[in-house]
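Peer 1: got a sequence here, can you build the structure:
(one chain, ligands or ions: 1)
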Amino acid sequence: MTRRNIIDSDALASDDPAFEEILQSTSYDFKHLTSIDENDFVSERPKKISQAEVSSSISSAFTSTASTVSSASSRPGPSSSITNHHTYDEQDYPKWKIQNEADISALRQKNAALREELERNEALILSLEFEDDERKAKYRAFLNTGQSGAIMAQSLKKKNGRIDYANNVFEWDGVLKDTMRKIFNIKDFRLCQGGVCNSNMDGRDIVVVMPTGGGKSLTYQLPAVLTPGVTLVISPLISLISDQIMHLQDAGVEAVKLTGSTPKGEQDSINARLGSMANTSGRGSSNGGKDIKLLYCTPEKIAKSKRFVSLLQKLSDADRLARIVIDEAHCVSQLGHDFRPDYQKLHVLRQLFPNVPIMALSATCPPLVLQDLLKVLRLKPTVPGEDADRTGTVYFTAPLYRPNLHYQVLPKASEGTKVYAQMVAWILREHADDSGIVYCLSKKDTEKVAAELATRARFALAGDVKVVCATIAFGLGIDKGDVRFVIHHSMSKSLDGFYQESGRAGRDGKDSDCVMFYRAQDASTLSSMTMGDKDGGVKLNAMLEFAQNLTECRKIQFANYFSHTTNLSMTSWSTSDAAARAPCGHCDNCTRTSEAYVDKDVTLEAWQLLRIIEKAQKTGGNVTLAKVAELARSSGKAIGGTARKGKGKHGGAKEQVTVDLDAVCGGKVNLKKEEIEILLVHLGLKHYVRDQFYTTSYSTIAYIQLGERAPQLTRYSSKDHLESLSNSSRIWCSFRVQPPPKRTGRPSGSKNSDTVPSSTRAKGKAKAKPIESDSPGFVSDIDDHDEEVDLPNDEPGIGKGKGKATESVSRVLSISASKPQTRSFQTPTTRKRKRQPVVISSDVEDDGKQEDERNGGEDDDDEEGMGDWIVPHSKKPPPSKRPKVETIELFSSDIEES
Ligand SMILES: Nc1ncnc2c1ncn2[C@@H]1O[C@H](COP(=O)(O)OP(=O)(O)OP(=O)(O)O)[C@@H](O)[C@H]1O
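Peer 2: This is a model prediction of the structure:
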């Protein structure tokens, strides 16, 4: 390229001869010049240079010794170093040129790198500024939560106005997780916890159904810490409340309780703090003190204390009532298994606090109960938490199936003492070092079982066992993770109850056993106890179906039960790796082999039993289930209690019920006594027989009578006619096959036994502390000192009269290998009844006469009882190693009384 080329288009457009002359006269090789600053010229090119300028420029360039090449001198760079053409040694040029080009290239590279770095830095500054603002806002809110920190509830991603609370990103995500780790020491959400927290942060009405131990508490406690104002938590039991408060206070959260058991001074102080919060509306701390973040109370407190409700109203008016949480919310429904009259009065909450979000929590909430709950609490219909519109009640449910719980139903000896032996042997064999709960039906039973276990354990215990014998009210919300087994000494009144009670095992996620001891006679006992309950019979039947079933997976039975009206809950039994209808593979029925039970055609035996009952009925005798079994195997004579009026223990004299078996049904029933009882329960479930209740001043007795389907069999006068019955009319029933009689040691393997040995599973070995009562010295929690509150009441029957809170009495027994020692906490009950069995909770009044009467007033010793072969005493330690028993007596009442 030549200089001409460079400046040609404009500057050399001139045909001025003088200019041409100048060019000619110069000795300078323009090639040199162009090679020096070619680019500079190019870059200057847009500027139009006049001919004169060019001339002058060129002349000056070559006349002045100190001058620079004009176009190059105006800008930095290698060109500027070329200062004196005259001193320039052309011979050095190639070297210089190379160096120059290298310099240019290096500087260009440096420039590009700097430009890149600049861009990066600018981006970084932007993001840091953004993050800083965000973090500042969040942390300001977080730090302020003790006073008024607010995190505005806003979803960042909304789809058609619908929100996926489980998966969307929310602006509080970071602070939610930070706080969870910092305060609650929990690393990650589990089940549906994250979604529930998000909807809570978004100020929604929520219903959450999560299994026992699933982690429901976190879903309201965490948002409570992060939102301004106080979260009110209504919880059924004082022990549960105290437990929660203790944990929250340990974590540094401002949590208090207001129940009848709260000392007067403490109540005044809490009321003052709440009043102060109410006077400091909006943001900012009340009187410089820390705001209360969680306030726990019982439903009775809401129902009874006008002062308390009016304080809540003040808080709400001042925008300081963040949300209302109702724990164990199924208690609001009469259709649920734990109905509490005072829970139903909670319908006032929506009316009194229309703008305060309500959250209802439960571990078992079948569809019908859910609908009832929504109605009672005045909540809108549910919308799924993963696709929620702006108005509905956000509904979250977590899988109800807990793979770490291993269910089994064991045959229960008909003789009481044998049952205790069974239980002790089972505990020793499976959980000698573990903690467990034994659930009983009544206070009397807990006392009996506790005493028997203590006595027997004194001679048989090898390890260090911590066993609590209790009625079902005990344990609601117990935060004890390492309960390795739950034994039901008697079955529950419903499958809902059984699921919840047994679910108190294995809350830490480790393998745990849920064992129910069942004998058919218990059906009569439970039947009399539940006869007054709404749907009591239907629920009990479901429990009985479960207990009698020897083939279907326990998980599938639960799933079917909880979803019998809609598929909603069925999905709750699916897990990520198994569908709801996939067998669990580890319950007693899944592991039972075909040799361990027999499915028998018992049409003949059923006909015989129905004929016996018919005959007894016709002769005016009333017979219990146990008596029918006795009659069917006897020479046909037995004593049966009657329902006739008159003097006597049962309101009528006992009568001899005599049945000529040969004449009535062709002879004895060829089944064992316990098999007959099982068949009678089976006939009850199929409506061939039914219970008829007779109430005395002492008890209610269930007598067995013919049911609506009975004529299908009783119309045949001879067993020969039965031959002609079609298959569909025949009756089949499953019975356990008794293993060989002389068994010693534990059954070998689960396949042929009635127990699923847990030795094959990992076992938690942690030693538990004894479970202690709510607060020493606490007796009862009556809020009688409070004025009656004028609650809005538009529900017929609600708020009228004093609903009887489920009274609870239970006994706590801790068995260990340590020195015998009896400790009693000071309570009025202990003072009255020193060293007497402990009373904590019971929902059953039992004077001890009921069962005797239900069994016909006699003890049911049966030589053929099934207990012996089930749990052989294989671990009896030598006398020198016999451990001693420590009994810890706790006295307390756990439920606020209306
Ligand atoms: N995400 C989590 N990760 C680990 N542990 C958790 C998590 N969430 C809760 N927990 C722990 O699980 C235990 C049970 O939690 P929580 O008491 O809230 O259960 P729950 O659902 O209320 O049970 P219940 O119905 O019996 O009252 C507690 O010890 C709690 O700290």
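Peer 1: confirm Val426 sits in a helix?
Peer 2: Not Val; residue 426 is Trp. Yes. Under DSSP: H, G, I helix; E, B strand; the rest coil, Trp426 falls within a helix.
Peer 1: distance of it relative to His247?
Peer 2: Noted for Trp426: a distance of 32 Å to His247, by Cβ to Cβ, to the nearest Å. (C-beta placed from N, C-alpha, C; glycine too.)
Peer 1: now do Asp205
Peer 2: Noted for Asp205: a distance of 26 Å to His247, by Cβ to Cβ.
Peer 1: have a look at these two and say which one is more surrounded.
Peer 2: Shown here are Asp205 and His247; by other Cβ atoms under 10 Å, Asp205 has more neighbours (24 against 15).
Peer 1: residue contacts, the more buried one?
Peer 2: Applying Cβ atoms under 8 Å, 6 or more residues apart in numbering, we find Asp205 in contact with Pro357, Ile358, Met359, Leu379, Lys380, Thr393, Val394.
Peer 1: list the beta-bridge partners for the closest residue to it other than its chain neighbours.
Peer 2: Nearest non-adjacent residue to Asp205, counting by Cβ to Cβ, 6 or more residues apart in numbering: Thr393, 4.4 Å away. Beta-bridge partners of Thr393, counted by DSSP bridges, are Thr382.
Peer 1: Thr393: neighbour count?
Peer 2: Per other Cβ under 10 Å, the neighbour tally for Thr393 reads 23.
Peer 1: thought it was touching Pro384?
Peer 2: No. Contact criterion Cβ atoms under 8 Å: Thr393 and Pro384 do not qualify, at 10.6 Å.
Peer 1: how close does Thr446 sit to the ligand?
Peer 2: Separation of Thr446 from the ligand (Cβ to the nearest ligand atom, to the nearest Å) stands at 20 Å.
Peer 1: surely that residue touches Val467?
Peer 2: No. At 11.2 Å, Thr446 does not count as touching Val467 under the criterion of Cβ under 8 Å.
Peer 1: more crowded one of these two?
Peer 2: Thr446 (31 against 27).
Peer 1: would you check how far apart the more buried one and Ser492 are?
Peer 2: Taken as Cβ to Cβ, the span from Thr446 to Ser492 is 15 Å.
Peer 1: and what of Glu117?
Peer 2: From Glu117 to Ser492 the distance is 72 Å (Cβ to Cβ).
Peer 1: the two - which one has more neighbours?
Peer 2: More crowded of Glu117 and Ser492, by other Cβ under 10 Å: Ser492, with 24 against 10.
Peer 1: relative to Asp513, how far out is that one?
Peer 2: 16 Å.
Peer 1: run through the strands of the stretch 651-800 of the chain in chain order.
Peer 2: 655-658, 689-695, 700-706, 732-736 (DSSP state E, counting those that start in this stretch).
Peer 1: who's in contact with the last one?
Peer 2: Applying Cβ under 8 Å, 6+ apart, the contact partners of strand 732-736 are 411, 548-551, 596-602, 675, 678-679, 682, 754, 866.
Peer 1: can I have the buried ones of those residues as a PyMOL selection?
Peer 2: To isolate the buried ones among those in PyMOL, judged by 16 or more other Cβ atoms under 10 Å, type:
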select buried, resi 411+548+549+550+596+597+602+675+678+679+682+754+866
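Peer 1: from the contacts of strand 732-736, which are also near the ligand?
Peer 2: With Cβ under 6 Å from any ligand atom as the criterion, those include none near the ligand.
Peer 1: contact residues of the stretch 751-898 of the chain facing the ligand?
Peer 2: Counting by Cβ under 6 Å from any ligand atom, no residue of the stretch 751-898 of the chain is near the ligand.
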